[in-house]
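[1] show me the folded form of this:
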Amino acid sequence: MILVFGGTTEGRLVAQVLEEAGKPFLYSTKGEGQEMELVHGKRLCGAMNEEAMADCCSEASVRLIVDAAHPFAVQLHQTIAAVAARLSLPVIRYERKYSPRNPDFVWCDDYADAMQKMELAGVSRLLAWTGVNTIRPLRPFWSAHESFFRILNREDSRRIASDQGFPSDHLLFYQEQSDESMIRQVLPDAILTKESGSSGFFEEKTAVALQKHIPVYVIKRPVLPDSFLCVYGEFGLRREIYRLLPDFFDLHCGLTTGACATAAAKAALHKILYGEEIPSMEIQLPSGEPVVLPVASVEADETGVACSVIKEAGDDPDVTNGCRIKVHVSVVDGETEEEPLIRFQAGPGVGTVTLPGLGLEVGGPAINQTPRRMMETELHRLVVASGRKISSIWVTVSVEHGEELAKRTFNPKLGIVGGISIIGTSGIVRPFSSEAFVASIRKEVQVAKAVGCSQLVINSGAKSERYLKTYLADRSIPQQGFVHYGNFIGATLQIAVETGFQHIIMGLMLGKAVKLAEGALDTHSKKVIMNRDYLLQVAGKTSCSADILSAIPSLTLARELWQLISPEIYPEFYQMILQDCYRSCAPLLQSAHLELLLISEEGNVIPLG
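    Model (predicted):
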């Protein structure tokens, strides 16, 4: 059993991750203000002192506590630490993301320190964005100086303010007016806020004050107990749970070759810049979450440094699992006002691109765009931090036994020769197991039904989901209403119908649409590949030009069709593919309505007409 202390955005994210395991957990909040629909989790409401929390943990056989509460819930953090020590329980802290502290702000250790600094600065008119529970500790200041507090417009918040004797006409309410309009109304000498992190909209709040040249006083976030294991995102949370409760998740995630190459490249440049070998390297995933990867080896030569990281794919049957991803880095010093130019090369085991259509330069290394951006970002940061003037950096990526491994992938058919590709759009490898994947889909669909979603949106992954959320924004579909089918289109439709959904929206990227149109309800590349003969038939039936017909046989990927066949000139081509997709799905629908949406690489959406 896992006990989560939430009531925050982070708490909601933790609950979503734990729901995917399909196993029971406890979710505790002080009040009932946060609306949560849990299927496998059990909601607990009410504050707990040390004895009550210890009893709860003992009675429920809790083996792990996750603290995702507000960073300023100091008493709760201390109580959790005391109970964890008493019962020998590990604590994971799901921490917020914080920006570097702006030196233009006045940083305060606590409320007493803030009041003292404001008194010394002569602040006589204060706008406080610190919340209703800070009215009491700030009483000495607002009793002597005109002050305004922004609070939630709720009965309990207004009652707290009233109980402290704070004047009701000096209360401002969230969502009823913008931060800028509050500043115009109050005309404060200073603004007081808390270091609440990105989910507390700290940057947005303080940006308005900076624009108006109003001094900003910030209460520093409290220091957490040393015993807490801090994580900063979904992968870090999962990894700690894998370690502490190995059986909670049936399958474990891993990291992509792109993430491994980024850590190896950064470790190599770190050695060049500082002469220091380090056993592990922290990088940021595209989501912004920091992760730490162990560095397996460091080798210096006359041209630079090579470091390696061992790929761990979790429970995904990835051909590169356990492989050594090696990156050699060399630098060219030189005065430049620009960021160093980073050049990528394919070393042994990394493929070379020989055909267009992959979004990579023909003749260049098969290192995809996201891993390139990850490496560029990390290396640029490292150079800036060091202060060294570097004009260019050469990055050569190698994969042990990569040339042999590539024969077990689709790289040869894609025109990538000599090795594997360095890939990954999120930095995370999610396990590919048919049975487990379909089981997780079923759980997600059930959750969507349980929380009252009337429409279910199914799509292949994060990219298409992002586009669909924009396209469907006016329908107000909850987050739980979006489910990834991966490649299991048929299984997902069956589950949706069995669960009782009468309105299903399916988003399709073109590669999967072409496969589905021919009846492939499982679109995994191990089972079905793009059929150019089918595309020729559709192009012929929709009166595409002779140039298009002659170009189709040489296509590498379906997404190249967007450049070859304009949707504005040949809308019938894409409508025919969508019609064939619908025919493939129709036998599974029973009485349910299916809305098909074809999504371009740029996020444009074509509905079935």
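[2] which one is the most centrally placed residue in the chain nearest to, not counting chain neighbours?
    Geometric centre of the chain, nearest residue: Ser287, 4.0 Å, by Cα atoms, centre = their mean. In space, and not counting its chain neighbours, Ser287 is closest to Gly233: 6.1 Å by Cβ to Cβ, 6 or more residues apart in numbering. From N, CA and C alone the C-beta is placed, and that goes for glycine too.
[3] residues contacting the one you found?
    285, 287-291 (Cβ atoms under 8 Å, 6 or more residues apart in numbering).
[4] which of the three states applies to the residue of the chain most remote from its centre?
    The centre of the chain is farthest from one residue, Ala144, which by Cα atoms, centre = their mean lies 45.7 Å away. Under DSSP: H, G, I helix; E, B strand; the rest coil, the three-state class of Ala144 is coil.
[5] so Thr303 versus Ser330, what's the distance?
    5 Å (Cβ to Cβ, to the nearest Å).
[6] more neighbours: which of those two?
    Ser330 (19 against 12; other Cβ atoms under 10 Å).
[7] how about the backbone phi and psi for the more buried one?
    Here is the backbone geometry of Ser330 (degrees, to the nearest 10): phi -130, psi 150.
[8] so what sits opposite it in the bridge?
    Note on Ser330: beta-bridge partners Trp394, judged by DSSP bridges.
[9] so this protein: which segments form each domain?
    2-98+224-244, 106-219, 254-429, 434-607 (automatic domain parsing).
[10] TSV for those, including mean pLDDT?
    TSV is the format used below for the domains of the chain (pLDDT from 0 to 100):
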stretch	mean pLDDT
domain 2-98+224-244	92
domain 106-219	90
domain 254-429	89
domain 434-607	91
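[11] for stretch 531-542, buried residues please.
    534-536, 538-539, 542 (16 or more other Cβ atoms under 10 Å).
[12] now swap in stretch 407-420 and tell me
    409, 411, 414-420.
[13] what does stretch 232-245 give?
    232-242, 244-245.
[14] same check, this time on stretch 491-503
    491-497, 501.
[15] among those, which are in helices?
    491-497 (DSSP state H).
[16] mind putting these in TSV, distance to Leu588 included?
    Below are these laid out as TSV (distance: Cβ to Cβ, whole Å):
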residue	distance to Leu588
Ala491	9
Thr492	10
Leu493	5
Gln494	6
Ile495	10
Ala496	9
Val497	6
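[17] out of these, who's nearest Asp55?
    Ile495 (39.6 Å; Cβ to Cβ).
[18] the closest one contacts Ser440, correct?
    No. Applying Cβ atoms under 8 Å as the test, Ile495 and Ser440 come out as separate, 10.7 Å apart.
[19] nearest residue to Gly486 other than its sequence neighbours?
    Phe437 is the one closest to Gly486 (Cβ to Cβ, 6+ apart), at 5.9 Å.
[20] same thing with Ala84?
    Nearest to Ala84 is Val91, by Cβ to Cβ, 6+ apart, at 4.8 Å.
[21] the spatially closest residue to Gln284 that is not a sequence neighbour: what's it in contact with?
    Once flanking residues are discounted, Gln284 sits nearest to Pro290: 5.5 Å by Cβ to Cβ, 6+ apart. Pro290 sits next to 232-233, 236, 282-284 when contact means Cβ under 8 Å, 6+ apart.
[22] mind checking which of those are in helices?
    Gly236.
[23] from the contacts of Pro290, which ones fall inside strands?
    282-284 (DSSP state E).
[24] now, of those, which are buried?
    Buried members of these, counted by 16+ other Cβ under 10 Å: 283-284.
[25] next, format the ones in strands among the contacts of Pro290 as a markdown table and append distance to Leu557.
    Formatted as a markdown table, those follow (distance: Cβ to Cβ, whole Å):
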| residue | distance to Leu557 |
| --- | --- |
| Glu282 | 34 |
| Ile283 | 28 |
| Gln284 | 29 |
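[26] ok, so of the ones in strands among the contacts of Pro290, who is nearest Leu578?
    Nearest member of the ones in strands among the contacts of Pro290 to Leu578, counting by Cβ to Cβ, is Gln284, at 38.2 Å.
[27] hang on, isn't the closest one packed against Thr377?
    Yes. Using Cβ under 8 Å, Gln284 is in contact with Thr377, at 7.2 Å.
[28] one step back: of the buried residues of stretch 531-542, which belong to helices?
    Among the buried residues of stretch 531-542, DSSP H puts 534-536, 538-539 in helices.
[29] how about a markdown table for the residues you listed, with distance to Pro222 added?
    Shown next, in a markdown table, are these (distance: Cβ to Cβ, whole Å):
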| residue | distance to Pro222 |
| --- | --- |
| Tyr534 | 62 |
| Leu535 | 60 |
| Leu536 | 66 |
| Val538 | 62 |
| Ala539 | 64 |
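[30] now the end-to-end length of stretch 102-120.
    End-to-end distance of stretch 102-120 (Cα to Cα, to the nearest Å): 21 Å.
[31] typo on my end, stretch 558-574
    Using Cα to Cα, the two ends of stretch 558-574 sit 12 Å apart.
[32] what residues sit buried inside it?
    558-561, 564-565, 567, 570, 572-574.
[33] equivalent analysis for stretch 217-229, please.
    Neighbour-count burial for stretch 217-229 flags 217-219, 221-222, 224-225, 228 (criterion: 16+ other Cβ under 10 Å).
[34] which one of these sits closest to Glu51?
    Pro225 (18.8 Å).
[35] help me confirm that the closest one comes into contact with Leu76.
    No. Contact status for Pro225 versus Leu76: not in contact, 11.1 Å apart, counting by Cβ under 8 Å.
[36] how close does the closest residue to Pro137 other than its chain neighbours get to Leu521?
    Leaving aside its chain neighbours, Pro137 sits nearest to Tyr111 (4.3 Å; criterion: Cβ to Cβ, 6+ apart). Using Cβ to Cβ, Tyr111 is found at 61 Å from Leu521.
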